[in-house]
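*Asks:* need a structure here:
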Amino acid sequence: MLNKIRELNHKRIAARREKKNLLLFDNSFSRNTLNLEYLRLWIPKSYAIENYVKKSKKLAIYSTFIGDSSIKTFSLKPASNEFNHFFISNNNEILKLAKSLNWIPVFLPIELSKNKVFCSSAAKIAKSLPHFFSFLKDYDYLLYVDDKINFDLSKTLFTLAKNIDFTFLVRSHPSLKNNILNELGEAMLQKRYFVQLNQITNYIDEKIREGYLLTPKNLFWTSAILRNNRDDRVFIINEDWYQNILICGINCQISFDFIAQKYKSIIMSNDFI
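*Replies:* Residues are numbered from 1 along each chain as shown. Next up is the predicted model:
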């Protein structure tokens, strides 16, 4: 009798875990609010930003996190006093933390969800479409940093002082190279990417049919991106990348590896951060 009760309890616990797992990694959510044309109209009217003193026009730094506090990843260091640092989120608790570190909080009214696939998708809005946020267009250069990384701002300033001609500067992947399928293989170790396997492989197949290479020399690492806002091409690349993200899925490094083959003003550099 006791063994039967234990077996039933184990089954109930397993069922609860499976249900929770499905909620955390649900890829079936509606994409309507992620549509580019919808965002083009909605974003400029949607966010709330505190009053702030604009510092140097030369450079702004920004980051983003979308999601419930239970899946937070924020680990950024305090912002410098020389340049404006903006943090875009739908989570007031995270924004409060960012503000305590001298980042300017920007509230984006997106559903507060624990679904990691949805949250990762929504986080691509600010990451790839910063020109939709008018306050980010006011600077000559824009540095995006993932909310999980440490960065050395002095390297960015040194790079800008060299007056390199670029639209995007992006780092090379620290461990992967030679084949975009290596990026795919590593991504499959994470559940949020694995649930999009068919979506990603269909995208890769289509890109190969269009004539893009599966084997570029190096792969990009989009955890940090330096954009030249003075170059009008940056807005075109932003939107092209975002459209590709919608098709490919949340592993935006895979879509970026293809996008970079199209735009020669995207330059790989490990020196800017």
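
*Asks:* Which residue ranges of this protein form helices?
*Replies:* Applying DSSP state H to the chain gives helices spanning 2-24, 36-46, 92-100, 116-128, 153-161, 180-187, 191-194, 197-209, 233-248, 252-262.

*Asks:* Among these, show the one with the smallest mean pLDDT.
*Replies:* Mean pLDDT across the helices of the chain is lowest at helix 2-24; the value there is a mean of 47.

*Asks:* pLDDT wise, what is residue 217 at?
*Replies:* 85.

*Asks:* how near is it to residue 180?
*Replies:* Going from residue 217 to residue 180 by Cβ to Cβ, to the nearest Å gives 12 Å. In this view, the C-beta of every residue, glycine as well, is placed from N, C-alpha and C.

*Asks:* again, but for residue 52
*Replies:* 40 Å.

*Asks:* With neighbour numbers in mind, choose between those two.
*Replies:* Between residue 52 and residue 180, counted using other Cβ atoms under 10 Å, the more crowded position is residue 180 (22 against 13).

*Asks:* Please tell me how far residue 94 sits from residue 72.
*Replies:* 6 Å.

*Asks:* Please apply the same query to residue 137.
*Replies:* Counting by Cβ to Cβ - residue 137 and residue 72 are separated by 28 Å.

*Asks:* and for residue 94 and residue 72, which residues touch both?
*Replies:* Common contact partners of residue 94 and residue 72 (Cβ atoms under 8 Å, 6 or more residues apart in numbering): residue 65.

*Asks:* of those two, who's got more company?
*Replies:* Remark: of residue 94 and residue 72, residue 94 carries more neighbours, 22 against 15, as counted by other Cβ under 10 Å.

*Asks:* any idea how far that one lies from residue 66?
*Replies:* In terms of Cβ to Cβ, residue 94 sits 9 Å off from residue 66.

*Asks:* next one: residue 174
*Replies:* Distance from residue 174 to residue 66, counting by Cβ to Cβ: 25 Å.

*Asks:* swap in residue 31?
*Replies:* Using Cβ to Cβ, residue 31 is found at 15 Å from residue 66.

*Asks:* These two: which is more packed in?
*Replies:* Legend: neighbour count by other Cβ under 10 Å for residue 31 and residue 66, higher for residue 66 (25 against 10).

*Asks:* just to revisit the earlier point, I'd like the helices of the chain as CSV, with distance to residue 271 appended.
*Replies:* Formatted as CSV, the helices of the chain follow (distance: least, Cβ to Cβ, whole Å):
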stretch, distance to residue 271
helix 2-24, 38
helix 36-46, 32
helix 92-100, 27
helix 116-128, 21
helix 153-161, 6
helix 180-187, 22
helix 191-194, 29
helix 197-209, 29
helix 233-248, 20
helix 252-262, 17
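
*Asks:* between those, which gets nearest to residue 141?
*Replies:* The minimum distance between residue 141 and the helices of the chain falls on helix 153-161, with 6.1 Å, by Cβ to Cβ.

*Asks:* got the buried residues for that closest one?
*Replies:* 153, 156, 159-160 (16 or more other Cβ atoms under 10 Å).

*Asks:* which other helices and strands contact it?
*Replies:* strand 59-65, strand 141-145 (3 or more Cβ pairs under 8 Å, 6 or more residues apart in numbering; DSSP states H and E).

*Asks:* And the contacts of the last one?
*Replies:* Outside of strand 141-145, the residues that reach it under the criterion Cβ under 8 Å, 6+ apart are 58-63, 76, 127, 130, 136, 151, 153, 156, 160, 223-230, 273.

*Asks:* Over to the first one?
*Replies:* The contact list for strand 59-65, computed with Cβ under 8 Å, 6+ apart, reads 72-74, 76, 79, 83-89, 91, 94, 103, 123, 125-127, 130, 136, 138-147, 153, 156-157, 160.

*Asks:* change it to 7 Å
*Replies:* With Cβ atoms under 7 Å, 6 or more residues apart in numbering as the contact definition, strand 59-65 has outside contacts at 72-74, 76, 83-89, 91, 94, 123, 126-127, 130, 136, 139-147.
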